[in-house]
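Undergrad: Build the 3D model from these lines:
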Amino acid sequence: MWVAMTGLAYLFPGGGEKGPLGLSFFNVNELWTLGIPKPENAGRTDSLIQDYTNQSKLRQEVRQDSLLALPEIDLTKKGFLNADIPTELLAFFQALDSVQEGKMLRIAHYGDSQIEGDRVTAHLRNLFQSNFGGRGTGFIPFADPASVWAYARRGSENWKRHSVFQNKLASGLYGISGAAFRFVRVEMKDSVAPDSFRIKVIDGSRANLNFQMVHGSSFEKVRLAYAAPAVPVKMTVISGDTSKNSINLSGTERWNEQTLPLPAGNKEFKLEFESDNSPVFYGIYADNEKGVQVDNYAIRGHTGDGLLQIPQDILSGQAVNQNIKLFIFQFGNNAIPFLDSIGECKYFEQVYYRIFSRFRQLAPQASVLVIGVGDMLTRVQGQEVTWPLLKEFRDAQKRAALRAGCAFWDLFEAMGGERSLLAWHEKKLAAKDGHLSPGGQELIAAKIHEDLMAAYIRYKNSK
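TA: The predicted structure is shown next:
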């Protein structure tokens, strides 16, 4: 864990051994595992922070372009939830008890570019699955601007991505991710010489996608999610050199599912679609029947308000059908550079209150965790400082979360507070624009997971 927790030493032994709750953690000597999660240890959390602290202490120095010293931060600090045992997380904690009895639950992780490409989410998934079981990467979109470590995806160039933020659908028929996908006719300029080009046309009645699980990623089954087709749709599932199955997609609901006929142990497959009018696809889910799954629902450049456009019946229905027991929201940094007043912070407080309240009302069986904004820098009179209204915005997010009955985790304080991004950048944990590096993503995920598990154990001990 981030620091030795004497009260939890018995429950969380080092060396990968499991305590009475089945939770295991790295010891200090095992912890230099930054960047890409490794299959043999991806799920255990411990004092990843301590390695940074021991390897080279953050030094107090004067930057050449600033009179302000590099801030000192304590990366060993813990406890950034709004309470020791947040009552707002009781539904989630109770569901974790059922997971130990062989049932499955899902965590839906929504956010902006800070989590796209499965960033942060992948580490949370590995940690939860290591402690509570589960396999697979969960939700996989048909098209996405970021690559993902756990799988490779490629396909025809005529897939169009719609979201609640960009390329909106006239029907408003988005999946629970806030996105949807269709194949369409495409005309593209194809350069044949420096001073000439030709028009490349891709037929809008056919499309394909290839998926390959890599780096030890695996699953037990894959489900395709889609809206009711208006005209016949033929899907061909190809696995290996010999396995080929054709399926006519059917269903009259706004959300339909088709389990793909894939052989056990399969890690690569191809989907081919034929139709005169593409239906709305929501994506695929690759996982199994038990344990914990963490789905990544990222929308680049978004502040989160578009989530209000997810159809009510789809949100409420899938929250139940997929057994989602925790929603995590990680938005806000995209708004920071545009804030001009306290009034704008109060405006966003109302926006977030509406979002959090809607999810709480439509999924009352689930808990909601809000992750506040992290540190971001701007230049004022030649000095690199935290954006002036960032803390006020963070406070607005927290007020909105608590008013709506949600737990709050303070990323800004977890990073070290004002100007902490300079220290994170110095340690190669984040870029100057505030985006976390692979090491920073892993550290933040481990810290979130540690605080949640510490609160879970306090909940268990209080019963």
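Undergrad: The biggest helix by length in the chain - contacts with which helices or strands?
TA: The helix that spans the most residues within the chain, counting by DSSP state H, is helix 438-462. In terms of contacts (3 or more C-beta pairs under 8 Å, 6 or more residues apart in numbering; DSSP states H and E), helix 438-462 is packed against helix 48-55, helix 90-99, helix 121-132, helix 411-415. All C-beta atoms are positioned from the backbone trio N, CA, C, and that covers glycine.
Undergrad: I'd like the next helix or strand past the longest one.
TA: Read it as helix 121-132. strand 138-140 (DSSP states H and E).
Undergrad: who touches that following strand?
TA: With contact meaning C-beta atoms under 8 Å, 6 or more residues apart in numbering, strand 138-140 is reached by 106, 125, 151, 153, 177, 211, 283-287, 293-297.
Undergrad: Pairing partners for that strand, with directions?
TA: Using DSSP bridges, strand 138-140 pairs in its sheet with strand 281-287 (antiparallel).
Undergrad: quick one on the thing from earlier: out of the helices and strands packed on helix 438-462, deepest packed?
TA: Most buried of these, by mean neighbour count (mean count of other C-beta atoms under 10 Å): helix 121-132, with a mean of 25.
Undergrad: Show me what it is packed against.
TA: For helix 121-132, the elements it packs on are strand 104-111, strand 291-298, helix 438-462, judged by 3+ C-beta pairs under 8 Å, 6+ apart.
Undergrad: Residues touching the second one, excluding its own?
TA: Contacting residues not belonging to strand 291-298 are listed as 96, 99, 104-113, 115-119, 121-122, 124-125, 128-129, 132-136, 138-139, 144, 146, 176-179, 285, 287 [C-beta under 8 Å, 6+ apart].
Undergrad: Give me the buried entries from those.
TA: Buried subset of the contacts of strand 291-298 (neighbour count, 16 or more other C-beta atoms under 10 Å): 96, 99, 104-113, 115-119, 121-122, 124-125, 128-129, 132-136, 138-139, 144, 176-179, 285, 287.
Undergrad: can you list the domain ranges for this structure.
TA: 34-134+290-462, 151-282 (automatic domain parsing).
Undergrad: Highest mean neighbour count out of the ones you listed?
TA: domain 34-134+290-462 (a mean of 19).
Undergrad: picking up where we left off before, would you mind putting the helices and strands packed on helix 438-462 into CSV with distance to Leu81 and mean pLDDT alongside?
TA: Conversion of these to CSV gives the following (distance: least, C-beta to C-beta, whole Å; pLDDT from 0 to 100):
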stretch, distance to Leu81, mean pLDDT
helix 48-55, 17, 38
helix 90-99, 12, 94
helix 121-132, 15, 96
helix 411-415, 10, 96
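Undergrad: Start from the N-terminal end of the stretch 251-400 of the chain and give the helices.
TA: Taking DSSP state H, counting those that start in this stretch as the criterion, the stretch 251-400 of the chain carries its helices at 312-321, 342-362, 390-403.
Undergrad: got CSV for those helices, with mean pLDDT and distance to Arg419 too?
TA: Listed next are these as CSV, based on pLDDT from 0 to 100; distance: least, C-beta to C-beta, whole Å:
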stretch, mean pLDDT, distance to Arg419
helix 312-321, 97, 39
helix 342-362, 98, 20
helix 390-403, 98, 11
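Undergrad: Now for the contacts of strand 138-140: which two are most distant?
TA: Greatest spacing in the contacts of strand 138-140, by C-beta to C-beta: Arg106 and Arg153 (20.9 Å).
Undergrad: tell me the contacts of the closest residue to Ala363 other than its chain neighbours?
TA: Spatial nearest neighbour of Ala363, chain neighbours left out: Ala319 (3.7 Å); criterion: C-beta to C-beta, 6 or more residues apart in numbering. By C-beta under 8 Å, 6+ apart, the contact list for Ala319 reads Ile176, Leu362, Ala363, Gln365, Ala366.
Undergrad: again, 7 Å this time
TA: Leu362, Ala363, Ala366 (C-beta atoms under 7 Å, 6 or more residues apart in numbering).
Undergrad: Relative to Arg419, which of the helices and strands packed on helix 121-132 is closest?
TA: Across the helices and strands packed on helix 121-132, closest to Arg419 is helix 438-462 (C-beta to C-beta), at 15.9 Å.
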